[in-house]
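Trainee: Pasting a predicted model and its sequence here:
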Amino acid sequence: MSEAAIRFEKVSKSFGSRTILKELSFEIGKGDSVAILGRSGTGKSVTLKLMIGLLEPDAGDVFVLDRNVADLDASGLSELRREMGFLFQSAALFDSISVGENIAFPMRRQSKVDESEIRDRVEELLRQVKLDGEYDKMPADLSGGMKKRAALARSLALRPSVLLVDEPSAGLDPITSEEIDELLISIGEEDETTIVIVTHNIPSARRICDEMILLDGGLIRARGDLAALEASDDEVVKKFLSSQSGG
Amino acid sequence: MGKGDKSGVGVFLVGGFLLFALGLFMIGDRRQMFTESIDAYADFADLAGLQNGATVRVSGMDAGEVTSIEAPPTPEGKFRVRFRIIEKLQPIVREDSVASIQTDGIVGNMFLQVEAGTSGAPQIENGRGVKSVEPFQISDFLDQAKQIVETADELLDEVKQDLVTIVRNVNDVAEEAETLVAEARPNITSMTASAKNIADDVEGVMNDINAGKGTVGKLFKDEKVYEDLKSTTETLKKVSEDVSKISSSAGEIIDDAKQKDVVGKVDQTVANVRDLTAKANDLLDKFQKEGDDGEPSMTDDVRQTMASARETMTDFAEDAEALKHNFLLRGFFKKRGFYDLNEISPAEYKAGERAPGYPLDRVWLHSQSLFDPSTDLIKLTDEGKRAIDRAFGEFIDHVKDDPVMVEGYAGVDNPSEAYLLSQRRAAAVRGYLINKYGLRPNYVGVMEMGRVESTAKDGKPWDGVALVRFLDKKEKKALDKEQKK
Amino acid sequence: MRELIANFFDDAGRMGLFGLRGFRDAFRKPFEIPEIIVQLGSLGVRSTPLIALSGLAVGVVMSMHTRSSLERFGAEALIPNVLAIAMIKETGPLVTALLLAGRVGAGIGAELGGMRVTEQIDALESLAVDSFKYLVSTRVVACMIAQPLLTTVFNFMAISGGFLAETMLSGISFELYFQRAFSSVPFRDYIPATLKTAVFGFLIAAISSYLGYNARGGAEGVGRASTQSVVASSIILIIVDVILVRIIFFAFPEGS
């Protein structure tokens, strides 16, 4: 068993009377790129948020980089989060500050970093996501794709070892979506980063990831690469794949 | 976050704080908190709503504030009101300064008024007290007034009894003396032969009398009788002072007065005092007949007391009368056309300011004919009295309503002596007028003119007394009209 | 009905605890001083023109009304005193608080609500930032600082407005007007009345932060949070003011 970056042990989560996850257990190895697939409302985003401690499980344990997320105190959680990046579905750039400041924000929050160092790193990240010279633009002035790239740059600012991505292609046209995918692939290759992507876009998932996990009804319905999933006899898997084949 | 934002916040914080501090300073400044000041206190039985932090004014100037109010430990005790006064005003606040609680306008706050003291009293020191006057409250005053009137009444009753007894005694003694002399006379005539011996005997008897032996001797020489009379006199003085106090505030009584029957009591008191005065006058006349070389000061005392008692009573009666008919005292004073003849200073009088209306007549009485030249005491001669009667006869039709001023003149070189002498002369004439004609004392004024040079060529300064009658404005107008016709 | 009352107290309790936590967290490391300054800028500095203008207008109007009633008693001399005491003791603090509940309460409600529904709050968390402290504590503290200062600005502008109105009619001098104005204001009215507005600031920030921070349901939820912030903080302000007036009365009784 390769060393696990993320491990779920019988994790349950429900909102009110609605049960989202039922004793979900799985592992994701270090450096792997995994896509979590499933229909809307099957708990994909919840799974991601559990990983970074934005949500707490009702039962079971979530281990990230060998730490039990639920057991961490505020400073421990902060430390863990510094090793993780999260790219939100809506980009979630801070409206009140410029793109450059958004990217610089995580660095500024850290222990004393030299201003010029921050500046250099922001420029580098902007180049990496192809937003050179957009430092002073406000988030409201950016297109959807640019926002997403800027948000990606921000989540990479601290060189995370785990990158969580929520619906990278949501609200984007296929071409822009592909650009984002390219970026994610390059990151996975370059930095040995563990990438977990939540998506219902199979082509996108296939491009980026080696492995896929299909969630349904709060449980893992299938796991494996695309070929393995396609070979599955499971009704739900078949239905999901067929509905997505056009995409 | 730009630099502009940061300095904006800085201006906001510093400016806002300074503004707040400015408010603190202005409040403190109004309360004289930043001025050197001293602490003082005054005691009050009734605070009338005075609060901690109330303004303190010295002769009307804002001078500090009330710093604490200590409740009294016993029901009889007084509240101790401690306050601060700015040092600048320390020189005028003396130990006899009087503090009172007053209201600032009809809807205003209560404040503590401290009057300037007299220059004779020592300056107030830090932590010392000043005198206080209780805040005026009508109901309290009425109760007090009633009580005083009742006390005065009782006192007068007592004194009256005493005086009546004394008068009877004096009468008895006089009769006894007469009898004694009458008895002695036939003996003297019948025994002319041994006249010398008997005369010696009589002389011995007379010596005994002079030495204080016997009843008649006792009357004139006995210390006890004298003391009795003296103490009676003093009591009377005190009564008249009490009554005087009442009458000075009586103007402030409003219609409750009727309910509490103050007026009725006052009338009774007035009647009593009048009665008493008449009796006392009789007594005095008797005394003077017997010769006043013994104790002239005593009779003067009694006379003065009588005059002042009468004066107060008239004041009081007048005020009470005014109250009965008219609670707005303004009209009462207006009708009189003047306020108080005693308040007019010679300087004002001479300058014609505050003169009580328009002079009508000035009748001259020369000092030679008025006063007994044989004594330094200002004593009216019989001739002088007749001269006054003659002069006054000209006024008598009008004088009940119009003020009369008695002007005194003296030809003495020394100005202060001249003033004193002129004052005494005028006072003597005034006293005579009041006694004889029953004039209202506040309608008869004394004006010491001092030394006034004559306009005539021989240049002798005026020496004597002038009677001046004044008209009020209404009468003057009527008179003017008549003259024009 | 009973449920409504229970809900009210439930919400009030949550808001109170939320605000108190915000206040407490402000004193825990790391201090968010730069963010407090930013908030002072947006809540305090940018409210100053509104507060100053309103103060001036209220002062002018109140002075004119005061004059018309005091004129009947011939007590025009008391106009500055009456205006100053009315402003400093109650009108200034309450009107400033209500104006700020409108401007700042709506702003905080909308801003935090927007950040909640666009996942910016989650983003902050994911960047290892204590979003509660970063967003709520800073606003609570900034509001508590700004409120007394803005109240002071309001009071002074109102008294100045009163001066303008009065000097045009009676030609009273600037110095005399201000002397009179402050002559009947004791410290026990000035200091507690001004400092109590820190509580108003706390309430406005706590209530609108609570509603914004916990907003749900997209743009509509943001709008709701914004409106509720204004309504709730205005009502609670007035209720709390009544209680504060009583407390101040007991703590600084008239006669002491």
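Mentor: Received it, and whenever you're ready, just let me know what you need.
Trainee: wait, doesn't A:V122 sit right on A:G100?
Mentor: Yes. Counting by C-beta atoms under 8 Å, A:G100 is a contact partner of A:V122 at 5.3 Å. The C-beta positions use only the backbone N, C-alpha and C, and glycine is treated the same way.
Trainee: which neighbours do the two share?
Mentor: Residues touching both A:V122 and A:G100 by C-beta atoms under 8 Å, 6 or more residues apart in numbering or on different chains: A:Y135.
Trainee: so where's the longest helix in chain A?
Mentor: helix A:174-191 (DSSP state H).
Trainee: Check which helices and strands the helix or strand that comes right after that one sits against.
Mentor: The first helix or strand that comes after helix A:174-191 along the chain, using DSSP states H and E, is strand A:194-198. Contacts defined by 3 or more C-beta pairs under 8 Å, 6 or more residues apart in numbering or on different chains; DSSP states H and E place strand A:194-198 against strand A:4-15, strand A:18-29, strand A:33-37, helix A:44-51, strand A:162-166, helix A:174-191, helix A:202-208.
Trainee: tell me what the fourth one is packed against?
Mentor: Contact partners of helix A:44-51 among helices and strands, from 3+ C-beta pairs under 8 Å, 6+ apart: strand A:4-15, strand A:18-29, strand A:33-37, strand A:59-64, strand A:162-166, strand A:194-198.
Trainee: Sheet-wise, list the partners of the first one with their directions.
Mentor: Here the strand partners of strand A:4-15, with direction, are listed using DSSP bridges: strand A:18-29 (antiparallel), strand A:59-64 (antiparallel).
Trainee: among those, which gets the worst mean confidence?
Mentor: Ranked by mean pLDDT, the strands paired with strand A:4-15 bottom out at strand A:18-29, with a mean of 88.
Trainee: outside of that strand, which residues touch it?
Mentor: A:1-14, A:34, A:41-43, A:46-47, A:50, A:57, A:59-60, A:194, A:196, A:213, A:215, A:217-220, A:223.
Trainee: for stretch C:51-60, same thing?
Mentor: Here stretch C:51-60 makes contact (C-beta under 8 Å, 6+ apart) with C:83, C:87, C:91-92, C:95-96, C:99-100, C:150, C:153-165.
Trainee: Could you list the low-pLDDT ranges of chain C?
Mentor: C:254-256 (pLDDT under 70).
Trainee: and it, which residues reach chain B?
Mentor: With C-beta under 8 Å from any C-beta of the partner chain as the criterion, chain C meets chain B at residues C:34, C:37-38, C:40-41, C:44-45, C:48, C:73, C:75, C:78, C:88, C:145-146, C:148-150, C:152-153, C:155-156, C:178-179, C:182-188, C:190-191, C:194, C:254-256.
Trainee: Among these, which lie within helices?
Mentor: Judged by DSSP H, the residues of chain C next to chain B include C:34, C:37-38, C:48, C:145-146, C:148-150, C:152-153, C:155-156, C:178-179, C:182-183, C:187-188, C:190-191, C:194 as members of helices.
Trainee: Give the ChimeraX command for selecting the buried subset of these.
Mentor: Those of these that count as buried under 16 or more other C-beta atoms under 10 Å in any protein chain shown are selected in ChimeraX with:
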select /C:37,38,48,145,146,148,149,150,152,153,155,156,178,182,183,188,190,191,194
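Trainee: got the residues of chain B near chain C?
Mentor: B:1, B:5-6, B:8-9, B:11-13, B:16-17, B:19-20, B:22-24, B:26-30, B:51-53, B:55, B:69, B:105-109.
Trainee: thinking again about what came up before, so among the contacts of strand A:18-29, which ones count as buried?
Mentor: By neighbour count, with 16+ other C-beta under 10 Å, the contacts of strand A:18-29 hold A:4-9, A:11, A:13, A:34, A:42-43, A:46-47, A:50, A:57, A:60, A:194, A:196, A:213, A:215, A:218, A:223 as buried.
Trainee: how about the strands in chain B?
Mentor: Along chain B, the stretches classed as strands by DSSP state E are B:37-44, B:55-58, B:61-70, B:79-86, B:98-103, B:110-114, B:128-129, B:131-133, B:358-366, B:404-409, B:444-450, B:464-471.
Trainee: Tell me which of the ones you listed is the most buried.
Mentor: Most buried of the strands of chain B, by mean neighbour count (mean count of other C-beta atoms under 10 Å in any protein chain shown): strand B:404-409, with a mean of 25.
Trainee: so for that strand, what's the average pLDDT?
Mentor: 83.
Trainee: For it, which strands pair with it and how are they oriented?
Mentor: strand B:444-450 (parallel), strand B:464-471 (antiparallel).
Trainee: Tabulate those (TSV), appending distance to C:L211 and mean pLDDT.
Mentor: Compiled in TSV, those are given as follows (distance: least, C-beta to C-beta, whole Å; pLDDT from 0 to 100):
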stretch	distance to C:L211	mean pLDDT
strand B:444-450	87	80
strand B:464-471	88	79
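Trainee: Contact partners for B:A116?
Mentor: By C-beta under 8 Å, 6+ apart, the contact set of B:A116 is B:V58, B:S59, B:I92, B:V93, B:R94, B:S97.
Trainee: tally of neighbours for the fifth one?
Mentor: Pointing back at B:R94 there. B:R94 is flanked by 19 other residues according to other C-beta atoms under 10 Å in any protein chain shown.
Trainee: quick one: contacts for the residue lying closest to A:K22 once chain neighbours are set aside?
Mentor: Leaving aside its sequence neighbours, A:K22 sits nearest to A:G218 (C-beta to C-beta, 6 or more residues apart in numbering or on different chains; 3.9 Å). If you count contacts by C-beta under 8 Å, 6+ apart, A:G218 has them with A:S12, A:T19, A:I20, A:L21, A:K22, A:L24, A:T42, A:G43.
Trainee: Any figure for the gap between A:G218 and A:D234?
Mentor: Using C-beta to C-beta, to the nearest Å, A:G218 is found at 16 Å from A:D234.
Trainee: what's the answer for A:D95, then?
Mentor: A:D95 is 43 Å from A:D234, by C-beta to C-beta.
Trainee: Next: A:L125.
Mentor: Counting by C-beta to C-beta, the gap from A:L125 to A:D234 is 41 Å.
Trainee: A:V62 is in contact with A:F8, correct?
Mentor: Yes. Counting by C-beta under 8 Å, A:V62 is a contact partner of A:F8 at 5.8 Å.
Trainee: what do these two both touch?
Mentor: Here A:F8 and A:V62 share the contacting residues A:L50, scored by C-beta under 8 Å, 6+ apart.
Trainee: Run through the residues that contact the closest residue to B:V133 other than its chain neighbours.
Mentor: Excluding the flanking residues, the one nearest B:V133 by C-beta to C-beta, 6+ apart is B:S100, at 4.5 Å. By C-beta under 8 Å, 6+ apart, the contact list for B:S100 reads B:L112, B:Q113, B:E115, B:S132, B:V133, B:P135.
Trainee: so B:S100 bridges to which residues?
Mentor: B:Q113, B:V133.
Trainee: Residues of chain A that sit close to chain C?
Mentor: A:49, A:52-54, A:74, A:77-79, A:81-82, A:84-86, A:88-90, A:92-95, A:105-106, A:109, A:151, A:154-155.
Trainee: Could you identify the buried members of those?
Mentor: Judged by 16+ other C-beta under 10 Å, buried ones among these: A:49, A:52-54, A:77-78, A:81-82, A:84-86, A:88-90, A:92-94, A:105-106, A:109, A:151, A:154-155.
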